[in-house]
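**Q** Below: sequence and its predicted model.
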Number of protein chains: 2
Amino acid sequence: MKETLHYLLMADHLSFQKKLLSSIKGTELTPGQPKIIDYLTYHDGAVQKEIADACHIEPATITSVLLGMEKNGLIIRKNLNGNRRNLYVYLTDKGKNASKQVAGYFDMIEKTALNGLGADEKEMLISLLTRVNNNINTQEVVENE
Amino acid sequence: MKETLHYLLMADHLSFQKKLLSSIKGTELTPGQPKIIDYLTYHDGAVQKEIADACHIEPATITSVLLGMEKNGLIIRKNLNGNRRNLYVYLTDKGKNASKQVAGYFDMIEKTALNGLGADEKEMLISLLTRVNNNINTQEVVENE
DNA sequence: TAATTATAATTAGAAATCTAATTATTAGAA
DNA sequence: TTCTAATAATTAGATTTCTAATTATAATTA
């Protein structure tokens, strides 16, 4: 069981997440915020729906986390071009500072995680995980024969 | 960013999890239960603390999920050998039925996820994920240089 | 143009999760 | 043996997350 893909994906992801959460202990960030900040770092001005998809959480969840981030001054949200349905999300200066911190934490843990892997092995791992991701997201799950 | 390890681990894990949750829709299982059932399938009679560690969740969380599972007749918990601190957890017959179902779902999604990968590639992926897991769990995260 | 359909965001309510503190019990040290 | 330290489980309270339903708006179709 320890050798199944799903067990390892869970173990790796949650262990990584746990390291990240202990990293942000000193900051005023809450557990749900780093991944959103990470996404906004590279996609400032994204619409809420887009952030939800990228972070693999539901729109309802984004609403509540962004509300907290807005209250805390990390982001601002605004309508654009007379479109009153989409809300575009931007990091404030405070949010950008947090973004730099968060990026540093992610990098450190990533390095730790990949320690001892050669460049070819890293590449292989990323490639295989990408293929798995495509498989899960594009294929129908079929009943066992 | 889409190519970072942590992003792929999150994407793979959460996409897998989402498939699993849609699989258990028809059952009366709640989202927190399958991974515990999966663990008990191979470790019936485990102590709560052990289950928590294996499932990468906190003891407090286990307490609340197991309470629900016990109420629903999926497990029983008992003290053994006069030790009144440890609680040993066992699947009931109902729990064992659920276990068979859950194992089937995990297998199906696992197959879907690994579609198109050769035996050597699967082996490589498992091996790399295991090394990453060891790295995260055994090494200290170091400040960036 | 008007009606229908689709989409984005939110709300409400529940489950899963966390941390910190507490309780009970066991193990180890003086 | 008694006191102290460590451990397992629980409780309390907060955050994150979900689904389902709702609201508001935009896009499409008749």
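**A** Great, that's in hand. It should be emphasised that the depicted structure is a prediction, and the values quoted were computed from it without experimental measurement.

**Q** just checking, A:I36 touches A:Q48?
**A** No. Counting by CB atoms under 8 Å, A:I36 sits too far from A:Q48 to count as a contact (10.0 Å). Bear in mind the C-beta positions are built from the backbone N, C-alpha and C, glycine included.

**Q** the more surrounded of those two?
**A** For A:I36 versus A:Q48, neighbours defined as other CB atoms under 10 Å in any protein chain shown are more numerous around A:I36 (26 against 16).

**Q** for the strand or helix carrying the more buried one, packing partners?
**A** According to DSSP states H and E, A:I36 maps onto helix A:33-42. Under the contact criterion of 3 or more CB pairs under 8 Å, 6 or more residues apart in numbering or on different chains; DSSP states H and E, helix A:33-42 touches helix A:48-55, helix A:59-71, strand A:83-91, helix A:93-114.

**Q** circling back: which neighbours do A:I36 and A:Q48 share?
**A** Overlap of the contact sets of A:I36 and A:Q48 (by CB atoms under 8 Å, 6 or more residues apart in numbering or on different chains) consists of A:62, A:66.

**Q** Grab the nearest non-local neighbour of the residue nearest in space to the middle of chain A.
**A** Central residue of chain A (CA atoms, centre = their mean): A:K35, 3.3 Å from the mean position. Spatial nearest neighbour of A:K35, excluding adjacent residues (CB to CB, 6 or more residues apart in numbering or on different chains): A:C55 at 5.1 Å.

**Q** With A:L21 instead?
**A** Nearest to A:L21 is A:P31, by CB to CB, 6+ apart, at 5.5 Å.

**Q** That neighbour: neighbouring residues, count only.
**A** 11.

**Q** Determine whether the claim that it is in a strand is correct.
**A** No. Counting by DSSP: H, G, I helix; E, B strand; the rest coil, A:P31 falls outside a strand, being coil.

**Q** next one: phi and psi at it?
**A** phi -60, psi -30 (degrees, to the nearest 10).

**Q** same deal with A:L74?
**A** phi -80, psi -30.

**Q** Could you do A:H56 as well?
**A** phi 60, psi 40.

**Q** now do A:L29
**A** Dihedral angles of A:L29 (phi, psi; degrees, to the nearest 10) stand at phi -80, psi 140.

**Q** check contacts around it.
**A** A:L29 neighbours (CB under 8 Å, 6+ apart): A:37, A:98, A:102.

**Q** and the second one, how far is that from B:G73?
**A** As defined by CB to CB, to the nearest Å, A:A98 lies at a distance of 46 Å from B:G73.
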